[in-house]
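K.L.:
Generate coordinates for the sequence data below:
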Amino acid sequence: MSNTIGFTSSLKSKLFLMAAVPALALLYFAGAGVFERLSISTEMVKLEALVDVSVKIGALAHEMQKERGMSATFIGSKGSKFAAELPAQRSKTDTADQALQTALKSFDPASYSDGLKLLLDEATSNLAELATKRNSITSLSLEVAQSSAYYTKTIGYLLDVPSQVSTLSSNSEISRLSASYSSLLKAKERAGRERALLAAAFVADQLTPVTQIQFLKNFSAQDVYTDLFFAYALDSQKEFYKAKVSGSAVDEVDRIKKVTMEKGNEPGLGIDPIYWFKTVTAKIDLIKEVEDRLSFDLLEATGKIKSHAQFMAIIFSILTLLSLLLTSVLSFYISRGILRSINSLQQVATAIAKGDLSSSIDITQKDEMGELLRSMSAMQTALNAFVHALGRVSQKHAEGMVKEQIDAAQFPGTYGKMAHEVNNLVQSRITINRRIIGIVAQYAKGDFSDEMDVLPGESGVITQTMNNVKKAFLDVNSEIKMLAEAGAVGDFSKRSDADKFEFMFKGILTDLNSLIETCDIGFNDVMRVARGMAEGDLTQTITNDYPGLFGQTR
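P.N.:
As a prediction, the model looks like this:
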């Protein structure tokens with residue numbers, strides 16, 4: 001009973017492990033799936049915050065770009081142009097800056113990357129100088145190049161922040177949308193630089209060689225960033241750009257730029273800087289609408305991916321719980337059914353192991369366990385037949401019919417081999433016994449010319465015993481032969497070492513020693529009296545009392 005309990009307990013553990021392993025695997029992979037989606041959700045939350053900051057940076061950059069152009073025109077005209085408009089534009093810039101600073105209060109750039117934090121620190125540091133730079137511009141103590149350099153540097157740091165979205169995202173769609181958004185922002189920044197650069201040139205009514213080189217480089221960079229935008233943008237975004245950035249303002253900007261390039265360094269460009277500023281600003285405002293569309297697309301995409309990731313995390317969790325519950329229920333019922341059948345099988349196997357072949361086995365089950373029980377029943381039947389055949393052969397041998405063997409042909413497989421082995425074992429014992437009988441018969445006749453075969457293993461004791469028997473007989477024979485040969489030549493002084501032998505052999509040699517001793521003493525008495533008579537001494541007599549012939553001789 002204890003063996004059955006131990007077996008069942010062990011099997012329960014194995015069945016539990018069998019169910020636990022896939023359950024744990026399911027839990028692991030489901031957990032990994034949930035973790036992955038939660039990670040995606042967390043990433044999207046962070047990217048949403050970064051995109052929100054980027055949108056506010058874009059708004060601030062847009063206003064600073066206008067302020068840069070107005071400031072360049074204001075300085076170039078010695079304060080005669082945009083004197084009234086510049087304060088209003090500065091107010092718009094301050095509003096955008098305040099919105100950005102509010103967003104940055106709840107934004108932790110260090111949780112993204114060191115590079116992002118460094119960029120924001122540089123941008124914030126430059127923005128802190130804005131009031132001082134404005135005072136210098138108002139007092140005309142700054143040159144156009146110095147003013148534009150400050151704005152350009154600060155805007156450059158700001159616009160490097162949105163480009164970080166594509167590098168910080170592991171989602172290809174977000175990376176693509178971010179790259180197109182960042183490229184457009186930089187293309188728009190080049191348009192803003194172009195606005196300030198040409199506004200100052202139109203105020204001076206001449207494009208200096210330095211300004212011309214700057215204009216051409218900026219023109220090329222603007223084309224590069226625009227091409228990058230088209231390379232990354234979605235088809236819908238490209239179509240929106242083409243539809244939006246078109247019209248009279250765009251055409252007029254192209255015309256003015258063409259005239260400027262044709263004039264080159266010649267004085268008298270003949271372009272009104274205010275007219276240029278308003279025209280190019282109208283074009284840049286159109287690009288700003290595309291920028292707003294791209295930022296909306298980017299925020300919408302991050303929101304959708306975040307919502308989908310959160311939804312899938314919930315679905316994965318629910319499916320995992322349901323799968324684990326279903327696995328547990330199925331494992332319980334399947335294990336219980338298996339254990340019941342195994343317990344029945346175990347009882348039969350235990351009985352067979354103890355030699356009880358009378359167990360009643362239920363072979364009516366139709367499943368795999370029924371097949372196993374039928375196989376167990378067939379094994380029990382085969383064992384019963386084998387035991388019966390073995391008992392019959394044993395009985396025949398007990399009756400002296402030593403040629404009787406098991407009919408191995410009636411047993412299949414291993415049982416047939418067992419029958420052959422039993423027959424071989426019996427035949428081997430019979431062969432050995434017959435050999436022993438033959439040798440003993442020879443020894444009984446005094447023929448010691450044959451020796452027992454050398455038998456392997458523990459049977460070697462038989463060989464050793466037969467050899468010991470032969471040696472004992474030969475040793476006794478040697479002792480007797482030694483005494484006989486000595487007596488034949490009249491030497492009765494020899495004695496056998498009877499103590500080297502035991503039992504009957506020792507008795508025989510002891511008796512022979514006594515016989516020789518008697519003969520030796522008797523013959524010595526006879527010789528002594530005969531010698532005296534030969535010398536004429538008739539007084540010599542035999543005093544010892546001898547039986548038989550020695551007594552008659554006395």
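K.L.:
ranges for the helices of the stretch 201-350 of the chain?
P.N.:
Taking DSSP state H, counting those that start in this stretch to define them, one finds helices in the stretch 201-350 of the chain at 209-232, 235-244, 248-263, 273-353.
K.L.:
between the ones you listed, which gets nearest to Ser80?
P.N.:
Of all those, helix 273-353 sits nearest to Ser80, with 10.4 Å by C-beta to C-beta. The C-beta positions use only the backbone N, C-alpha and C, and glycine is treated the same way.
K.L.:
who does the closest one touch, helix- and strand-wise?
P.N.:
helix 2-76, helix 172-204, helix 235-244, helix 248-263, helix 368-398 (3 or more C-beta pairs under 8 Å, 6 or more residues apart in numbering; DSSP states H and E).
K.L.:
Who are the packing partners of the second one?
P.N.:
It stands for helix 172-204. Packing partners of helix 172-204 (3+ C-beta pairs under 8 Å, 6+ apart): helix 2-76, helix 144-160, helix 164-168, helix 209-232, helix 248-263, helix 273-353.
K.L.:
Mind listing residues that contact stretch 124-137?
P.N.:
With contact meaning C-beta atoms under 8 Å, 6 or more residues apart in numbering, stretch 124-137 is reached by 71, 74-75, 90, 93, 97, 104, 142, 147, 150, 153-154, 157.
K.L.:
C-alpha coordinates for it, PDB please?
P.N.:
The C-alpha trace of stretch 124-137 is given here as PDB (Å, rounded to 0.1, in the frame of the first residue of the first chain):
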ATOM      1  CA  THR A 124      17.200  77.400 -22.200                       C
ATOM      2  CA  SER A 125      20.500  79.000 -21.500                       C
ATOM      3  CA  ASN A 126      20.300  80.900 -24.900                       C
ATOM      4  CA  LEU A 127      16.700  81.900 -24.300                       C
ATOM      5  CA  ALA A 128      17.800  83.500 -21.000                       C
ATOM      6  CA  GLU A 129      19.800  86.000 -23.000                       C
ATOM      7  CA  LEU A 130      16.800  87.000 -25.100                       C
ATOM      8  CA  ALA A 131      15.900  90.100 -23.100                       C
ATOM      9  CA  THR A 132      19.500  91.400 -23.200                       C
ATOM     10  CA  LYS A 133      19.800  90.800 -27.000                       C
ATOM     11  CA  ARG A 134      16.500  92.600 -27.500                       C
ATOM     12  CA  ASN A 135      17.700  95.700 -25.600                       C
ATOM     13  CA  SER A 136      20.800  95.700 -27.800                       C
ATOM     14  CA  ILE A 137      18.700  95.400 -31.000                       C
END
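K.L.:
list the buried ones in that stretch?
P.N.:
Asn126, Leu127, Leu130, Lys133, Arg134, Ser136, Ile137 (16 or more other C-beta atoms under 10 Å).
K.L.:
would you turn those residues into a markdown table with distance to Ala351, pLDDT and secondary structure?
P.N.:
Shown next, in a markdown table, are these (distance: C-beta to C-beta, whole Å; pLDDT from 0 to 100; DSSP: H, G, I helix; E, B strand; the rest coil):
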| residue | distance to Ala351 | pLDDT | secondary structure |
| --- | --- | --- | --- |
| Asn126 | 93 | 93 | helix |
| Leu127 | 93 | 93 | helix |
| Leu130 | 98 | 94 | helix |
| Lys133 | 102 | 95 | helix |
| Arg134 | 104 | 95 | helix |
| Ser136 | 108 | 95 | helix |
| Ile137 | 107 | 95 | helix |
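K.L.:
ok, so of those, who is nearest Phe296?
P.N.:
Leu127 (25.5 Å).
K.L.:
Tell me who's in contact with Ala389.
P.N.:
Residues near Ala389 by C-beta under 8 Å, 6+ apart: Ile406, Asp407, Gln410, Phe411, Ala419.
K.L.:
coming back round to it: tell me which of the helices and strands packed on helix 273-353 sits nearest to Tyr415.
P.N.:
helix 368-398 (5.4 Å).
K.L.:
for the helix or strand that that closest one is followed by, packing partners?
P.N.:
Following helix 368-398 in sequence order, the next helix or strand is helix 413-444 (DSSP states H and E). Judged by 3+ C-beta pairs under 8 Å, 6+ apart, the packing partners of helix 413-444 are helix 368-398, helix 460-488.
K.L.:
Quick one: work out the angle between helix 413-444 and helix 460-488.
P.N.:
Interaxial angle of helix 413-444 relative to helix 460-488 (axes from the mean of the first three to the mean of the last three C-alpha atoms, to 10 degrees): 0 degrees.
K.L.:
For helix 413-444, buried residues please.
P.N.:
Neighbour-count burial for helix 413-444 [16+ other C-beta under 10 Å]: Tyr415, Gly416, Ala419, Val422, Asn423, Val426, Ile432, Arg435, Ile436, Ile439.
K.L.:
Nearest to Ser317 among those residues?
P.N.:
Nearest to Ser317 among the buried residues of helix 413-444, with distances taken as C-beta to C-beta, is Tyr415, at 57.8 Å.
K.L.:
Was I right to think that closest one contacts Phe386?
P.N.:
Yes: using C-beta atoms under 8 Å, Tyr415 is in contact with Phe386, at 5.5 Å.
K.L.:
want to throw the helices and strands packed on helix 413-444 into TSV with mean pLDDT and distance to Thr320?
P.N.:
Shown next, in TSV, are these (pLDDT from 0 to 100; distance: least, C-beta to C-beta, whole Å):
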stretch	mean pLDDT	distance to Thr320
helix 368-398	76	31
helix 460-488	80	70
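K.L.:
Format the ones you listed as a markdown table; extra columns: distance to Ile521.
P.N.:
Formatted as a markdown table, the helices and strands packed on helix 413-444 follow (distance: least, C-beta to C-beta, whole Å):
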| stretch | distance to Ile521 |
| --- | --- |
| helix 368-398 | 58 |
| helix 460-488 | 14 |
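K.L.:
now for these, which one comes closest to Leu38?
P.N.:
helix 368-398 (43.1 Å).
K.L.:
what angle sits between that closest one and helix 273-353?
P.N.:
30 degrees.
K.L.:
Can you give the distance of helix 368-398 from its chain's centre?
P.N.:
Computed by C-alpha atoms, centre = their mean, to the nearest Å, the separation of helix 368-398 from the middle of its chain amounts to 47 Å.
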